[in-house]
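**Q** how would this look folded up:
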Amino acid sequence: MVPTSYYLILSALIFTIGAVGVLTRRSSLILLMCVELMLNSVNLTLVALSRQWDNVNGQVFVFIIMAVAAAEVAVGLAIVIANSRHNDTTNIDDVKLLKW
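**A** Modelled structure (predicted):
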């Protein structure tokens, strides 16, 4: 059986990769992927600690986070697609605000 500390270390590594990606990248698609990485690392932490303490609450929170992540991806991709029709780039620095 794998110790819980290994899962927590992996989760911290995945969260760090996502946070560095959010802070350094300028493409909106990559930003969305990095946010998803960060959410998945939190899911891994919740499942690992839930398994360690024999409690189902962490796994219930994981399902809630997955629903929020799915909604975030749907809204985020819709914004990126709408923005890319008016601008020729997905670069965050070059994006102009849409005027309706």
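
**Q** Report all helices and strands that the helix ranked longest in the chain contacts.
**A** Determined from DSSP state H, the single longest helix within the chain is helix 57-86. Applying 3 or more Cβ pairs under 8 Å, 6 or more residues apart in numbering; DSSP states H and E, one finds that helix 57-86 contacts helix 28-52. Any C-beta I mention is one placed from the backbone N, CA and C, and that applies to glycine too.

**Q** What is the distance between the helix it packs on and the centre of its chain?
**A** Offset of helix 28-52 from its chain centre (Cα atoms, centre = their mean, to the nearest Å): 6 Å.

**Q** ok, residues contacting it?
**A** Helix 28-52 is contacted from outside by 4, 7-8, 10-12, 14-15, 17-19, 21-22, 25, 56-59, 61-62, 65-66, 68-69, 72-73, 76-77, 79-80, 83, 90-92, 95, using Cβ atoms under 8 Å, 6 or more residues apart in numbering.

**Q** mind checking how far G18 is from S11?
**A** 11 Å (Cβ to Cβ, to the nearest Å).

**Q** my bad, should have said D93
**A** Distance of D93 to S11, given as Cβ to Cβ: 31 Å.

**Q** just for this structure, where's the confidence low?
**A** For the chain, residues meeting the criterion pLDDT under 70 lie at 95-100.

**Q** that older thread, counting neighbours, which of the contacts of helix 28-52 end up buried?
**A** With burial judged by 16 or more other Cβ atoms under 10 Å, the buried subset of these is 7-8, 11, 14-15, 18, 21-22, 58, 62, 69, 76, 80, 83, 90, 95.

**Q** Which phi and psi values does the nearest residue to D93 once chain neighbours are set aside adopt?
**A** Among residues not flanking D93 along the chain, R26 sits closest, at 5.5 Å (Cβ to Cβ, 6 or more residues apart in numbering). Here is the backbone geometry of R26 (degrees, to the nearest 10): phi -120, psi -10.

**Q** now the residue lying closest to N91 once chain neighbours are set aside: how far from I92?
**A** Leaving aside its sequence neighbours, N91 sits nearest to R26 (Cβ to Cβ, 6+ apart; 5.0 Å). For R26, the distance to I92 (Cβ to Cβ) stands at 5 Å.
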